[in-house]
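Q: Got a predicted model here, sequence first, then my questions.
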Amino acid sequence: MDCGYTTSDWTSSGSSFSSPPPTTHSLPQKTRGKMTRRTRASSSKEASSSSANEISADGFTALSSLPPKMSAKSIVNTINLLGLPGGFEIVNPIEYQRANNPPPGCLTVYAAQCVCGLRFPLHPFLVDLLVVLGIPPSQLNPNSYRLVVGFLLCCQLYHIDPSVENFLGVFAPRLTPGECFFHFSPRPGLLFIHDKPFSYGAWKNRFFFVRKAEWEVPLTWRSSLNELPSINFELVRERVKAAGLLDHGFKAKALMEEDPLTLAGFHPVPDTYTGPDSHYSRL
């Protein structure tokens, strides 16, 4: 399985890399030496039906060889977008650090995830969902956050309980083919967020770390998901249908505007915010 690039895919045509320990609140230096892509790893092994959603060890080895690459301007813009509150600090990766092996107490954050709605503190629903799945926020691909935001917003607008059971009754968690990330696919007959997944290009090496004293979610990358709890799919379908949600469609791109993000609870808002159902509108 190919989850990125193997160690033979990148070579430095400049000086060798020598990096100090990670620093906090400092901007990453430009990588010296031109990195040249050579060959893409491939695997002839086919996953059996029982392991279709399990990442191979080779996949993590491939991902761990992808060097971090975020410009100073990009990381500043992303931090500003996040609007990190007190208790969180940024740790910038250096050349030898990899996304699937963050420093102690740190969570890997991709810039593309932030564009798609990931915010801190983590939304309580997202915390519950990740605990059930058994994976860190880092292992959800960017477009997954568009669906999570859309689900929470639709629950608010159509008076549906924003529970993990309802979410997993509507969206099936799956391993993204050939990668070390998971995504959500609408279950048959329950498509109400209409948009083709957006490509963020080479997003996997545009990451940094966020440190916090204690996290409520898993931090260790996993090769597979937890066994899902029992879900009454027919009951979830009836709830969604009765609310009238299937009679309308939403474009995921439109949900990434500031107002929908705030209503869904994925954007920092003032303490005085008094919007509709404000308990959903806070982080």
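A: Looks like it came in fine. Residues are numbered from 1 along each chain as shown.
Q: From here on, just use CA atoms for contacts and neighbour counts.
A: OK.
Q: Can you give me the distance of Ile160 to Phe151?
A: As for Ile160, its distance to Phe151 is 10 Å (criterion: Cα to Cα, to the nearest Å).
Q: more crowded one of those two?
A: In this view Ile160 and Phe151 are compared by other Cα atoms under 10 Å, and Phe151 has more residues nearby, 21 against 18.
Q: Which positions in the helix or strand containing the more buried one come out as buried?
A: Element membership of Phe151, judged by DSSP states H and E, is helix 142-158. Neighbour-count burial for helix 142-158, with 16 or more other Cα atoms under 10 Å as criterion, is recorded at 142-156.
Q: For the following helix or strand past that helix, enumerate the helices and strands it packs against.
A: Stepping forward along the backbone from helix 142-158, the first helix or strand reached (DSSP H and E) is helix 164-170. Helices and strands in packing contact with helix 164-170 are listed as helix 124-133, helix 233-242; criterion 3 or more Cα pairs under 8 Å, 6 or more residues apart in numbering; DSSP states H and E.
Q: got the contact list for stretch 129-146?
A: Contacts to stretch 129-146, defined as Cα atoms under 8 Å, 6 or more residues apart in numbering, come from residues 107-110, 112-118, 164, 180-184, 197-198, 217-222, 225-229, 252-253, 255-256.
Q: quick one: which of the buried residues of helix 142-158 is nearest to Leu246?
A: The shortest distance between Leu246 and any of the buried residues of helix 142-158, using Cα to Cα, involves Cys154 and amounts to 10.6 Å.
Q: Neighbours of Gly244, how many?
A: Neighbours of Gly244 using other Cα under 10 Å come to 11.
Q: got it, and Leu228?
A: Look at Leu228: counted by other Cα under 10 Å, it has 12 neighbours.
Q: Ok, the one 4 residues further on next?
A: Asn232 is flanked by 11 other residues according to other Cα under 10 Å.
Q: Contact partners for the residue nearest to it when sequence neighbours are not counted?
A: For Asn232, ignoring the flanking residues on the chain, the nearest one in space by Cα to Cα, 6 or more residues apart in numbering is Gly169 at 7.4 Å. Taking Cα under 8 Å, 6+ apart as the definition of contact, the neighbours of Gly169 are 187, 231-233, 236-237.
Q: can you redo the residues you listed as JSON lines with distance to Pro102 and pLDDT?
A: Output for these, formatted as JSON lines (distance: Cα to Cα, whole Å; pLDDT from 0 to 100):
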{"residue": "Arg187", "distance to Pro102": "33", "pLDDT": "90"}
{"residue": "Ile231", "distance to Pro102": "33", "pLDDT": "92"}
{"residue": "Asn232", "distance to Pro102": "37", "pLDDT": "92"}
{"residue": "Phe233", "distance to Pro102": "37", "pLDDT": "91"}
{"residue": "Val236", "distance to Pro102": "37", "pLDDT": "91"}
{"residue": "Arg237", "distance to Pro102": "39", "pLDDT": "89"}
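Q: on that earlier part again, format the helices and strands packed on helix 164-170 as CSV; extra columns: mean neighbour count and distance to Glu89.
A: What follows is the helices and strands packed on helix 164-170, written out as CSV (neighbours: other Cα atoms under 10 Å; distance: least, Cα to Cα, whole Å):
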stretch, mean neighbour count, distance to Glu89
helix 124-133, 18, 19
helix 233-242, 14, 39
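Q: Can you tell me which of these has the worst average pLDDT?
A: If the helices and strands packed on helix 164-170 are sorted by mean pLDDT, helix 233-242 sits at the bottom with a mean of 89.
Q: Point out the other helices and strands that it packs with.
A: Using 3+ Cα pairs under 8 Å, 6+ apart, the elements in contact with helix 233-242 are helix 164-170.
Q: one more time with 10 Å, if that's ok
A: Judged by 3 or more Cα pairs under 10 Å, 6 or more residues apart in numbering; DSSP states H and E, the packing partners of helix 233-242 are helix 142-158, helix 164-170.
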